[in-house]
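Asks: Show me how the following folds:
(2 chains, ligands or ions: 2)
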Amino acid sequence: MLSTELAGIKLPNPTVLASGILGVTGSSLTRVSKAGAGAVTTKSISLKERKGHPTPVIATYAHGMANAVGLSNAGAEETLLEIGYAVKNSPSPVIASIFASTITEFGKVAEAVSKAKPHLIEVNISCPNVDDEFGRPFACDPGIAAVVTKKVKKSTSIPILVKLSPNVPSIAPIAEAVAKEGADGITAINTVGPGMLINVEAARPVLSNRVGGISGPAIKPLALKCIYDIYKSTKLPIIGTGGVTTGRDAVEMIMAGASATGIGTGVYYRGIEIFSKVSEEIQGLMDKEGYNSIEEMRGVAHEE
Amino acid sequence: MKNDEFIVVRLEGVHKESEDTTTLTIPYDLNSKPGQFVMLWLPGKGEKPISISGEKDGKFQITICAIGSFSEAVSKLRKGDKIGFRGPFGTHYTIPKESTSLAMVGGGYGSAPLAYLAEQAALGGKKVYFIEGARTKSRLLFSERMKISGAVLLTCTDDGSEGPKCYSPDVLKDLLENHKIDKVFSCGPEIMMKRVVEISQNAGIPSEISMERYMKCGIGVCGQCCVDELGLCMCKEGPIISGELALKIREFGSYTRGSTGKKSEL
Ligand SMILES: Cc1cc2nc3c(=O)[nH]c(=O)nc-3n(C[C@H](O)[C@H](O)[C@H](O)COP(=O)(O)O)c2cc1C
Ligand code: FES
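Replies: Ligands and ions are numbered 1, 2, ... in the order given. Sure, this is the predicted structure:
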């Protein structure tokens, strides 16, 4: 039994397409959902259209990926149609990811995307590669993270997940702060860093933005520790994201305390078939280790 | 672990095809197939997907028309300058084993991957009819290369300055009526390719076209190049797709999405 639940929303399996990967259009989200994702997340949406950073914005290295896409998107108005299409056509739930540069605007975007009736709203307060513009991510300050959560909760009746950053000395106080203000769940982690890749022959950083968020296999141990800490400090459901490419990685996330697992960079390594493959691999491990449900496996790594 | 890092090398040659079109020769054994593309990187200037216009003897070529700030920077490159690339990416054209005669329809700089394909087809002993359309004579590309390859070159221009004054799909229609052609290949403006697909389909001949969309990653991650409503990534499941599939893509010949994902009419 692979089904799981996030804030009252049922997922057929625990694999979730992470925000920013193949999530620009409704057609693409639907395709990933049909390929077996238990839920799909849109690319983060802002109130107004945003250009993002100049290319190159995505670069791979031996252990993962660096990106500085810079939150480009067509804006809430234009994107409503894409979310609506996905909600109508995807066999699994749709999560609308939103971001903003001010508290007030967070409320406005939440209100705007709610019109498309996504199953969940993910509040991205943790992108690390737009510092120049936005300053330190909101997810780095428990006080501000709490205020954003409160504002978004007031602006929509759809359950919300708050997406946290690993780039903090301790993630638990942030998780507790957003839980206290009514977050219905937590997604963690966003990309790590930012970091940098340098090409020797070109003698300069590869990304035009010079720095970018790090994702993929390299960050899995950091993600696991964050999920473990969040599970210990709140009762909220968690989408455990960061470096998951196999069913084994996913089971580690669930054992740390996740109810579902986000997959982003893994799509690069295994294509969109990764969702059905990871599901199968999770089932295989559950059969082998004698677990009957995701819930039964959740958080077992915490037992004495 | 899979990895598509940039490879940076020094340019071996720079060749002007026309006043605003430049072919770069890059000394690297890419192992590409016609129709595939590379992400070309000019450090400090940016990165763009560019289709491969030829490969042999451990070198490959790309051909760029100077229309934006990036391609203008490309046109200023000299032999020995460093450039970066990653790839080859995407699907490629397929020449059926059993075929004997092939038609290729190129419009503008769309002739680049077709020139590469035509040379390979000729090497494989196929008869190639290469239809090239352009606004005016000075914009016709690769005529020399096509002549050397042995392809039958059929040119037409919008202004009649070279060949008949008509559009390339009209030349194709004529050709299909009078010759036995096994497969049609096309690359160029989408409106033109749509007509090529329709003409081929009406004649009962399979076709392949190149559907280009705005790309950021080239590796099936960012989702910027996905087409409605199948959601296929044109950097991975494309750019080369069958005419049959193209007609199932709602936006083919109609609209496209830009760098933010916003739609615009073609
Ligand atoms: C190319 C790319 C774009 C991303 N864009 C977003 C985004 O728009 N919003 C967001 O919350 N996270 C974004 N992320 C972060 C991912 O959702 C995810 O949290 C992170 O990559 C770690 O998971 P992974 O190792 O499975 O990729 C992006 C990641 C990548 C690689
Ligand atoms: S260009 Fe990024 S998915 Fe195709």
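Asks: Please list the residues of chain A that sit near ligand 1.
Replies: Counting by Cβ under 6 Å from any ligand atom, the residues of chain A close to ligand 1 are A:18-21, A:43-44, A:58, A:65, A:67, A:69, A:71, A:97, A:124, A:127, A:163, A:190-191, A:215-216, A:219, A:241-244, A:262-266. Heads up, the C-betas are built off the backbone N, CA and C, glycines and all.
Asks: Can you show me the helices along chain B?
Replies: B:69-75, B:111-123, B:143-149, B:168-178, B:190-202, B:243-248 (DSSP state H).
Asks: Of those helices, flag the one that's most buried.
Replies: helix B:111-123 (a mean of 25; mean count of other Cβ atoms under 10 Å in any protein chain shown).
Asks: What residue in chain A is the furthest from its centre?
Replies: In chain A, A:Glu201 marks the outermost C-alpha relative to the chain mean, sitting 34.4 Å out by Cα atoms, centre = their mean.
Asks: what's the pLDDT at that residue?
Replies: For A:Glu201, the pLDDT comes out at 97.
Asks: neighbours around residue 264, how many?
Replies: Here I'm looking at chain A. By the criterion of other Cβ atoms under 10 Å in any protein chain shown, A:Gly264 has 26 neighbours.
Asks: I was thinking of chain B, sorry if that wasn't clear
Replies: Neighbour tally, B:Ser264, other Cβ under 10 Å: 8.
Asks: Please tell me the pLDDT value assigned to it.
Replies: Looking at B:Ser264, its pLDDT reads 93.
Asks: Next up, the contacts around it.
Replies: B:Tyr255, B:Thr256, B:Arg257, B:Gly258 (Cβ atoms under 8 Å, 6 or more residues apart in numbering or on different chains).
Asks: Would you enumerate the residues in contact with the residue nearest to A:Ile144 when sequence neighbours are not counted?
Replies: Counting by Cβ to Cβ, 6 or more residues apart in numbering or on different chains, A:Ile144 lies nearest to A:Phe138, which is 4.7 Å off, once chain neighbours are set aside. By Cβ under 8 Å, 6+ apart, the contact set of A:Phe138 is A:Ile125, A:Ser126, A:Ile144, A:Ala145, A:Val148.
Asks: partners of the residue of the stretch 51-200 of chain B found nearest ligand 1 in the sheet?
Replies: Nearest residue of the stretch 51-200 of chain B to ligand 1, counting by Cβ to the nearest ligand atom: B:Arg86, 15.1 Å away. B:Arg86 forms beta bridges with B:Met39, as assigned by DSSP bridges.
Asks: Contacts only, for it.
Replies: B:Asp4, B:Glu5, B:Phe6, B:Ile7, B:Val38, B:Met39, B:Trp41, B:Gly218 are the contacts of B:Arg86 under Cβ under 8 Å, 6+ apart.
Asks: The last one is in contact with B:Gly87, isn't it?
Replies: The one in question is B:Gly218. Yes. Counting by Cβ atoms under 8 Å, B:Gly87 is a contact partner of B:Gly218 at 6.8 Å.
Asks: Who has more neighbours out of the two?
Replies: B:Gly218 (27 against 22).
Asks: picking that back up, got a pLDDT number for the residue nearest to the residue farthest from the centre of chain A when sequence neighbours are not counted?
Replies: Among residues not flanking A:Glu201 along the chain, B:Val8 sits closest, at 3.6 Å (Cβ to Cβ, 6+ apart). The model reports B:Val8 with a pLDDT of 98.
Asks: Compute the number of surrounding residues for B:Pro164.
Replies: Residues near B:Pro164, counting by other Cβ under 10 Å: 13.
Asks: how about the residue of the stretch 1-150 of chain A found nearest chain B, secondary structure?
Replies: The stretch 1-150 of chain A approaches chain B most closely through A:Arg31 (3.2 Å), counting by Cβ to the nearest Cβ. Counting by DSSP: H, G, I helix; E, B strand; the rest coil, the backbone at A:Arg31 sits in helix.
Asks: between the contacts of B:Ser264, which has the most around it?
Replies: B:Arg257 (21 neighbours).
Asks: I'd assumed A:Thr25 was in contact with it.
Replies: Yes. With contact defined as Cβ under 8 Å, B:Arg257 reaches A:Thr25; the gap is 7.3 Å.
Asks: what number of residues lie near residue 54?
Replies: Defaulting to chain A. Counted with other Cβ under 10 Å, the neighbours of A:Pro54 add up to 16.
Asks: Correction: the question concerned chain B.
Replies: Counted with other Cβ under 10 Å, residues neighbouring B:Gly54 total 22.
Asks: my read: it touches B:Glu119, true?
Replies: Yes. Using Cβ under 8 Å, B:Gly54 is in contact with B:Glu119, at 6.8 Å.
Asks: what's residue 199 in contact with, if anything?
Replies: You didn't pick a chain, so chain A it is. Counting by Cβ under 8 Å, 6+ apart, A:Asn199 touches A:Pro205, A:Val206, B:Glu5, B:Phe6, B:Val8, B:Pro43, B:Gly84.
Asks: Actually, chain B is the one I wanted.
Replies: Neighbouring residues of B:Ile199 by Cβ under 8 Å, 6+ apart: B:Pro169, B:Leu172, B:Lys173, B:Leu176.
Asks: same thing with B:Lys2?
Replies: Going by Cβ under 8 Å, 6+ apart, B:Lys2 touches A:Thr60, A:Tyr268, A:Tyr269.
Asks: State the pLDDT value of it.
Replies: 94.
Asks: next one: B:Gly231
Replies: pLDDT at B:Gly231 comes out at 97.
Asks: Going by neighbour count, list what's buried in stretch A:94-106.
Replies: The neighbour-count criterion (16 or more other Cβ atoms under 10 Å in any protein chain shown) identifies A:Val94, A:Ile95, A:Ala96, A:Ser97, A:Ile98, A:Phe99, A:Ala100, A:Glu105, A:Phe106 as the buried residues of stretch A:94-106.
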